[in-house]
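> Quick check, what structure comes out for this input:
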Amino acid sequence: MRKASFEKVIPPKGSSFKVFYSKAPFLPYGGRWHFHPEYEIVYLPSGKGKRFIGTKISRFEDGDLILLGPNIPHNCFNVGFESEVYEEYVIQFKGEDIKEASKFFTEFEDIQELLVNSNAGLTLTSKDKHDIGEIIKSMIGLSPLEKLLQLFRVLQKLANTSYESLEVKQFLTLSVNHTERVRDIYKIIQENYQTAISTRQVAQQIGMTESSFCRFFLKSTGKTFKQALTEIRIQNACNLLVNTDATITSIAFDCGFNSLSLFNRLFKRVIEDTPNKYRQKYVNHLQVSFPKTA
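This next block holds a predicted model:
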């Protein structure tokens, strides 16, 4: 199996999780094989195709609604879509706080069981998936608190409807045992991406030599530190492009690039479009959310 890349999920400002909508032709994600420690809900309103999750390839018809647990490797779903029209709604969230809440609030017990079962991936088998999908669709454009309340509704309904296990496994060959350290590294990057942060500085902060840090990071994430830093900068730039009217030049420098030409070149390499065209596509297709993630 080819090596998956660690994806850093960055929620928008004021939110603890990420919700977004995509449709063709505005699909900046490509066919990346990736994993992340967040849970992921994907709703495809209609259509058919193949799912590439873990070691399994399976088919879906007339839409799909799945819940993936942490660190399950998967392709972006548009890779196997076979219909003329493609659109998806995606929610990515951390489950630790919900699991903790179940210790104090019995109301969360069913959701806690759902999250445990999702460690092998779940797909809904009933027509309820479209009713739940309508709730997911309604989350686009809501305030952060309203989105959170709707997320609880979605999870509650998922927990109380019929589903089947996808029987896939978490990806254990990418040093997932070191996920916390990788998270710490990405936290340092996120807090310092606007500066000229170096591998030596990060290595010192986590108590490793520079050479050991570089080997560890590449083995654990499938990418170099420089690649990860660039992708985080581009990811934040995309958020600014779709959520503000700041100039492209100011966004470039605000995100840690020391020249506009360098920003444009790297943006095109990661997103496969120019910053200006990316912003215009967002306006034209009413996309809510963000870029290719790292």
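
> Chain neighbours aside, what residue packs nearest to His36?
On the basis of Cβ to Cβ, 6 or more residues apart in numbering, the spatially nearest residue to His36 that is not a chain neighbour turns out to be Glu7, at 4.2 Å. Every C-beta, even on glycine, is put in place using the N, C-alpha and C of the backbone.

> Look up how far Tyr186 lies from that neighbour.
Counting by Cβ to Cβ, to the nearest Å, the separation of Glu7 from Tyr186 is 10 Å.

> shouldn't Phe225 be in contact with Ser211?
No. With contacts counted by Cβ atoms under 8 Å, Phe225 stays clear of Ser211, the gap being 11.9 Å.

> Compare neighbour counts for these two and give me the winner.
Relative neighbour count places Phe225 above the other of Phe225 and Ser211, with 21 against 10, counting by other Cβ atoms under 10 Å.

> Next, the contact list for the more buried one, please.
Residues counted as contacts of Phe225 (Cβ atoms under 8 Å, 6 or more residues apart in numbering) are Thr199, Val202, Phe213, Cys214, Phe217.

> Whichever helix or strand Leu149 is part of - contacts with which helices or strands?
Assigned by DSSP states H and E, Leu149 belongs to helix 144-159. Where contact means 3 or more Cβ pairs under 8 Å, 6 or more residues apart in numbering; DSSP states H and E, helix 144-159 is packed against strand 87-93, helix 109-117, helix 128-138.

> now the angle between strand 87-93 and it, please.
Compare the direction of helix 144-159 with that of strand 87-93 by axes from the mean of the first three to the mean of the last three Cα atoms, to 10 degrees and you get 100 degrees.

> which element follows helix 144-159 toward the C-terminus?
Assigned by DSSP H and E, the successor of helix 144-159 is strand 163-165.

> outside of that next one, which residues touch it?
Leu67, Asn117, Ala120, Gly121, Leu122, Thr123, Leu124, Thr125.

> Tell me which strands that strand pairs with, and in which orientation.
Here strand 163-165 is paired, per DSSP bridges, with strand 122-124 (antiparallel).

> Could I get the average pLDDT for the partner strand?
Per-residue pLDDT over strand 122-124 has a mean of 91.

> Walk me through the domains of this structure.
Under automatic domain parsing, the residue ranges defining each domain of the chain are 5-165, 176-221+223-285.

> Now Lys18: phi and psi?
Dihedral angles of Lys18 (phi, psi; degrees, to the nearest 10) stand at phi -120, psi 130.

> From the contacts of Phe225, pick the one nearest Val19.
Phe217 (28.9 Å; Cβ to Cβ).

> what's the longest helix in the chain?
As far as residue count goes, and with DSSP state H defining each element, the longest helix of the chain is helix 225-243.

> Would you mark the buried spots in that helix?
In terms of neighbour count (16 or more other Cβ atoms under 10 Å), helix 225-243 has its buried residues at 225, 227-242.

> Please tell me how far it is from the chain's geometric centre.
For helix 225-243, the distance between its averaged C-alpha position and the chain's averaged C-alpha position is 13 Å (Cα atoms, centre = their mean, to the nearest Å).
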